[in-house]
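>>> Fold the following.
(one chain, ligands or ions: 1)
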Amino acid sequence: MKKTGYLIISFIFMWSTLSCQQNDLTEILYESYEEYKEPSLKQRRIKHGDLQPLIEKYRQNPKFKVNTVGRSIEGRSLSLISIGNGPVNIYLWSQMHGNEPTATQAIFDILNFLDSQENVAEKREIFRNVKIHFLPMLNPDGAEVYQRRNKLGIDLNRDALRLQSPESRTLKRVRDSLQADFGFNLHDQSIYYNAERTDKPATISYLAPAYNYEKDVNEKRGNAMKIIGFMNRIIQKYAPGQVGRYNDDFEPRAFGDNIQKWGTSTILIESGGYANDVEKQEIRKLNYVSILSAIQTIAQGNYKDVSLDEYWAIPENDRKLFDLKLENLSYQLMGKTYKMDLGIHRMEIDNELHSDFWYKSQISDQGDLSTYYGYETFDAEGYSVIKGKIYVNVLDSMDQMNEASALNLLDDGYTYVRVNDIPSDMVNSPFPVHIISENYELPEFRLGVGKNPTFLLEKEGEIRYAVVNGFLIDLSKSGVHGCKNSLLLR
Ligand SMILES: [Zn+2]
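Sure, this is the predicted structure:
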């Protein structure tokens, strides 16, 4: 009796010590993040060239081993950066889709942490138990032009069987040579995914991919699920409710599914959206904290205590988010008034160098959108949709425009300005009104799917809001609006 009591108490003590250690490091990682954030990687459109000075630094660093393990179709090097001495191999690869860079940035933050002189005891334990291998930016040719597919125009994540692309062959060869125990398959997903039946974006989504059509759970897949359960606890702490679980239908051509099948416990992490975090830097931080914590739990082995139920309890991914949702608008058509919701998406259009972007927005859906959500939602009950007008005077040049004059035009119901001499290299309007050329003919105004959302909202005979290129502008607040750009229509 006495002995049993002692055992129980010591078990509880051990358990709390373990989980305490874990929480401590997670919290330290979160609090001290800025010290380790790689300052040279600032926004999403990063290129192979941005990474090379960083990789070179680790090549010169005796703590790390850096190998060139392959080349892309256009000849860009693929590097594997390894650290640690333990018997358990962890393999992390990012950006097999060129326009999915969030985890690539996080990898360089993680490397900075692993290289630092801080938290020595925790790192000693990690390096004693595991060896960690990073392959950042698997698709550098795609990253160069910020596109999903590689130079061959194929989706690398459907090339795991046929292995036509050199990038795919490298990914597999490295996995095979390491006989990796754990794999982290790091992606970005659409920012419009939400946790099912909530307005919370799926900031992080997880999947322990199936390795057969039956979706069986063997020990390897089970371990991936447990690590996801463990990481979910961390994300829930910092972004409550903002985690989704991917559908686990077996895709025989995908890498995650095959790497799971080849015997590596594989964890898919998808970085989604987060309110007011266009460049996904907060999500990068969540990657950093949760992946490093996962590496620690693998090193300690305590992820095994996580129940599979925690994995299945994560809400499924859904895709029900808009950038802007307008509810209960009054819309007049052929002499009658209708109640309508609008769902607006702001599409990113890249500049020529794929180093920056501008927005071209569209109405993605309209009608009763009560089962959808918005990053920004506005209840327009009592507001009528009014067509925006073309400013009566034609301007000679862009010099005659500024931010304040544009907002004044909106007050008077003008959403378009005709300009004679538009610079030939101009691609968008820097002001919250559209710029149109001398001869541009405006199509007849109506709300419709695929149309650019530009109109005014009137209440009791007064124009109170403008919607220009999918941005809602409160005209009662002078000078404050979130409109990044409007359109240039030639
Ligand atoms: Zn992807």
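
>>> nearest residue to the residue in the stretch 351-490 of the chain that the ion sits nearest to other than its sequence neighbours?
Nearest residue of the stretch 351-490 of the chain to the ion: residue 354, at 17.4 Å (CB to the ion). Quick note: C-beta positions are derived from backbone N, CA and C, even for glycine. Leaving aside its sequence neighbours, residue 354 sits nearest to residue 146 (CB to CB, 6 or more residues apart in numbering; 4.3 Å).

>>> same check, this time on residue 394
residue 418 (4.5 Å).

>>> Might you report the residue contacts of that neighbour?
Neighbouring residues of residue 418 by CB atoms under 8 Å, 6 or more residues apart in numbering: 390-391, 394-395, 436-438, 440.

>>> Is it possible to get TSV of these that adds pLDDT?
Putting the contacts of residue 418 into TSV (pLDDT from 0 to 100) gives the following:
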residue	pLDDT
390	97
391	96
394	96
395	96
436	97
437	95
438	92
440	94
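
>>> Report the entries of those residues that also contact the ion.
With CB under 5 Å from the ion as the criterion, these include none near the ion.

>>> Let's see the ChimeraX selection covering just the buried ones among those.
Buried residues within the contacts of residue 418, by 16 or more other CB atoms under 10 Å, are selected in ChimeraX with:
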select :391,395,436
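
>>> any idea which helix or strand comes after the helix or strand containing residue 57?
Using DSSP states H and E, residue 57 maps to helix 48-59. Following helix 48-59 in sequence order, the next helix or strand is strand 65-71 (DSSP H and E).

>>> Who are the contact partners of the closest residue in space to residue 435 that isn't next to it in sequence?
Leaving aside its sequence neighbours, residue 435 sits nearest to residue 429 (CB to CB, 6+ apart; 4.3 Å). Contacts of residue 429 were listed using CB under 8 Å, 6+ apart, and they are 435, 485-488.

>>> Which pLDDT value goes with the residue nearest to residue 354?
The per-residue pLDDT reported for residue 146 equals 98.

>>> Near the ion, which residues of the stretch 151-300 of the chain are found?
residue 187.

>>> and with 8 Å instead?
Within the stretch 151-300 of the chain, the positions adjacent to the ion are 157, 187-189, 270 by CB under 8 Å from the ion.

>>> Now, these that are in helices?
When DSSP state H is applied, those are split such that none fall in helices.

>>> Now pLDDT too, for the residues you listed, in JSON lines please.
Below are those laid out as JSON lines (pLDDT from 0 to 100):
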{"residue": "157", "pLDDT": "97"}
{"residue": "187", "pLDDT": "98"}
{"residue": "188", "pLDDT": "98"}
{"residue": "189", "pLDDT": "98"}
{"residue": "270", "pLDDT": "98"}
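
>>> Out of those, flag the one nearest to the ion.
Closest to the ion out of those is residue 187 (3.4 Å), distances taken as CB to the ion.

>>> thought the closest one was touching residue 268?
Yes: if you go by CB atoms under 8 Å, residue 187 and residue 268 touch, sitting 6.8 Å apart.

>>> Tell me which of these two has more neighbours.
More crowded of residue 187 and residue 268, by other CB atoms under 10 Å: residue 268, with 25 against 20.

>>> Provide a list of residues in contact with that one.
Neighbour list for residue 268: 185, 187, 206-209, 246, 256 [criterion: CB under 8 Å, 6+ apart].

>>> which residue sits closest to it, ignoring its sequence neighbours?
Nearest one to residue 268, counting by CB to CB, 6+ apart, is residue 207 at 4.1 Å.

>>> separation between the closest residue to residue 301 other than its chain neighbours and the ion?
Using CB to CB, 6+ apart and skipping residues adjacent in sequence, the residue nearest residue 301 is residue 129, 8.0 Å away. Going from residue 129 to the ion by CB to the ion, to the nearest Å gives 30 Å.

>>> Run a quick neighbour tally on residue 129.
So residue 129, with other CB under 10 Å, has 18 neighbours.

>>> Double-check it against residue 299; I have them as touching.
Yes: if you go by CB under 8 Å, residue 129 and residue 299 touch, sitting 4.0 Å apart.

>>> Tell me how many other residues surround residue 483.
23.

>>> Surely it is in contact with residue 468, unless I've mixed up the numbering?
Yes: under the criterion of CB under 8 Å, residue 483 makes contact with residue 468 at 6.0 Å.

>>> Overlap in contacts, those two.
residue 432.

>>> re the thing from before, turn the contacts of residue 268 into a markdown table, including distance to residue 445 and secondary structure.
Output for the contacts of residue 268, formatted as a markdown table (distance: CB to CB, whole Å; DSSP: H, G, I helix; E, B strand; the rest coil):
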| residue | distance to residue 445 | secondary structure |
| --- | --- | --- |
| 185 | 46 | strand |
| 187 | 40 | strand |
| 206 | 44 | strand |
| 207 | 44 | strand |
| 208 | 49 | coil |
| 209 | 47 | coil |
| 246 | 40 | coil |
| 256 | 46 | helix |
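
>>> Which pair in those residues has the greatest spatial separation?
Using CB to CB, the pair of the contacts of residue 268 lying farthest apart is 187 and 208, separated by 14.3 Å.

>>> Helices along the chain, start to end?
Counting by DSSP H, the helices of the chain are 2-31, 33-36, 48-59, 102-115, 120-129, 140-144, 166-178, 219-238, 255-261, 281-300, 308-312, 403-411.

>>> got the contact list for residue 483?
432, 468-469, 471, 473.

>>> Among those residues, which pair sits farthest apart?
Spanning the widest gap among the contacts of residue 483 are 469 and 473, at 10.2 Å by CB to CB.

>>> Please say which of those two ends up with more neighbours.
Between residue 469 and residue 473, residue 469 has the larger neighbour count (other CB under 10 Å), namely 25 against 20.

>>> Quick check: phi and psi on the more buried one?
Main-chain torsions, residue 469, degrees, to the nearest 10: phi 50, psi 40.
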